[in-house]
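Q: just coords:
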């Protein structure tokens with residue numbers, strides 16, 4: 001089954017009681033049992049809910065996995081993964097990491113005895129050098145947030161398998177339309193479902209997809225025991241969003257290519273970070289493991305001044321200044337003060353996350369209108 005067909009049909013069946021083509025919103029907390037323990041597969045909606053079950057099955061199909069497990073946010077998904085481990089265990093992650101994940105690692109789980117190493121994962125050797133007998137997880141993003149670095153998933157998967165270490169991938173920026181990490185050696189795929197999967201900026205949710213039955217059982221136990229589950233209304237909205245994922249992603253990618261090229265040739269722009277450029281580091285890897293290059297772009301300004309970045313972002317009319325990404329509307333963000341503010345300034349700047357860096361989530365509007373919006377905002381900087 002091709003991806004577009006899976007997006008519309010996989011994991012979803014007409015309602016058996018009415019024939020409704022859309023999965024109903026099972027807005028219920030509990031389910032009547034015929035006798036103690038004799039039920040229809042549902043007891044309590046924290047544990048299972050039919051709307052959530054349909055979504056979990058759909059997400060598993062999109063990622064070519066067996067098991068989908070949904071959570072109340074992307075960070076709740078990562079939190080569940082970390083709860084697989086014990087004090088003294090070590091995790092290796094990328095040094096270019098979403099600020100919320102970095103905060104969860106360093107401010108929450110370090111005090112419970114987990115140890116984290118942050119390395120430049122574009123170089124697989126830097127990962128292998130940190131592996132020891134306590135290493136239990138390799139965690140990465142690709143493309144990374146916000147520097148758009150590309151990590152060789154197949155190579156990392158081989159390292160993880162050789163050392164019998166779990167390998168997890170945050171696939172939020174790409175979506176399963178662009179890449180499927182389980183096919184490249186990952187054990188766990190994570191999504192902030194809030195972003196491209198939901199696609200309409202109206203849901204906060206996270207999800208994990210795995211193939212291993214035992215790992216799925218352990219994560220489902222944590223999902224139920226800790227209770228960070230999404231409600232049925234949100235699950236319904238994501239099921240609806242997924243049905244147009246392939247169409248939306250095609251347009252995100254088309255517009256991303258157009259905007260990246262425009263920015264690269266603009267005199268006020270110093271550098272553009274987008275993996276579709278042939279001179280982008282690891283472009284060859286991106287070309288091999290990704291179907292397309294996505295709608296996420298970061299760029300810096302020639303003077304590298306925070307005030308210039310603010311002036312540009314305040315000058316946008318279509319690119320709304322807001323947290324998040326992956327919705328149909330275009331957004332801009334300032335990682336240094338927004339999504340990555342929890343990372344110390346010196347650590348941010350080591351990976352190139354300077355104060356003038358602006359991150360764009362290119363939406364599905366008309367590309368010419370987006371270019372005009374960029375032109376007017378950049379014109380706020382005047383001419384030299």
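A: Now that the structure is in, tell me what you want to look at. What you see is a predicted model; the values in this text were computed from it and never measured.

Q: Which other helices and strands does the helix or strand containing residue 208 contact?
A: Applying DSSP states H and E as the criterion places residue 208 in strand 206-210. Judged by 3 or more Cβ pairs under 8 Å, 6 or more residues apart in numbering; DSSP states H and E, the packing partners of strand 206-210 are helix 50-62, strand 67-71, helix 74-82, strand 188-192, helix 213-226. All C-beta spots, glycine's among them, are computed from the backbone N, C-alpha and C.

Q: pLDDT below threshold where in the protein?
A: Where the chain drops to pLDDT under 70, the residues are 383-384.

Q: Neighbours of the nearest residue to residue 228 once chain neighbours are set aside, how many?
A: Nearest residue to residue 228 in three dimensions, chain neighbours excluded: residue 76, at 3.9 Å (Cβ to Cβ, 6 or more residues apart in numbering). A count of nearby residues for residue 76, using other Cβ atoms under 10 Å, gives 23.

Q: And residue 76, how close does it get to residue 186?
A: Separation of residue 76 from residue 186 (Cβ to Cβ, to the nearest Å): 19 Å.

Q: do the same with residue 370
A: Here residue 370 is placed at a distance of 33 Å from residue 186 (Cβ to Cβ).

Q: now do residue 77
A: Relative to residue 186, and taking Cβ to Cβ, residue 77 is found at 14 Å.

Q: Could you confirm residue 15 falls within a helix?
A: No - going by DSSP: H, G, I helix; E, B strand; the rest coil, the assignment for residue 15 is coil, not a helix.

Q: In contact with it, which residues?
A: Going by Cβ atoms under 8 Å, 6 or more residues apart in numbering, residue 15 touches 23, 24.

Q: at 6 Å instead, please
A: Remark: with contacts taken as Cβ atoms under 6 Å, 6 or more residues apart in numbering, residue 15 is in contact with residue 24.

Q: Residue 354 too?
A: Residue 354 neighbours (Cβ under 6 Å, 6+ apart): residue 304.

Q: change it to 10 Å
A: Residues in contact with residue 354 (Cβ atoms under 10 Å, 6 or more residues apart in numbering) are 270, 271, 300, 301, 304, 305, 306, 309, 335, 336, 345, 348.

Q: which residues touch the fourth one?
A: For residue 301, the set of contacting residues under the criterion of Cβ under 10 Å, 6+ apart consists of 266, 268-271, 308-309, 311-312, 354-358, 378, 381.

Q: Which ones among these map onto strands?
A: 269, 270, 271, 358 (DSSP state E).

Q: Now list the buried members of those.
A: Buried members of the ones in strands among the contacts of residue 301, scored by 16 or more other Cβ atoms under 10 Å, are 269, 271, 358.

Q: tell me which element the closest residue to the second one other than its chain neighbours is part of?
A: In space, residue 271 comes closest to residue 300 once its chain neighbours are excluded; the distance is 5.0 Å by Cβ to Cβ, 6+ apart. When secondary structure is defined using DSSP H and E, the element that contains residue 300 is strand 296-301.

Q: so what strands line up beside that strand?
A: Here strand 296-301 is paired, per DSSP bridges, with strand 269-273 (antiparallel), strand 358-361 (antiparallel).

Q: what packs against the lengthiest helix in the chain?
A: Of all the segments assigned as helix in the chain under DSSP state H, the longest by residue count is helix 245-264. Applying 3 or more Cβ pairs under 10 Å, 6 or more residues apart in numbering; DSSP states H and E, we find helix 245-264 packed against helix 3-9, helix 50-62, helix 175-178, helix 232-242, strand 269-273, strand 296-301, strand 358-361, helix 367-378.
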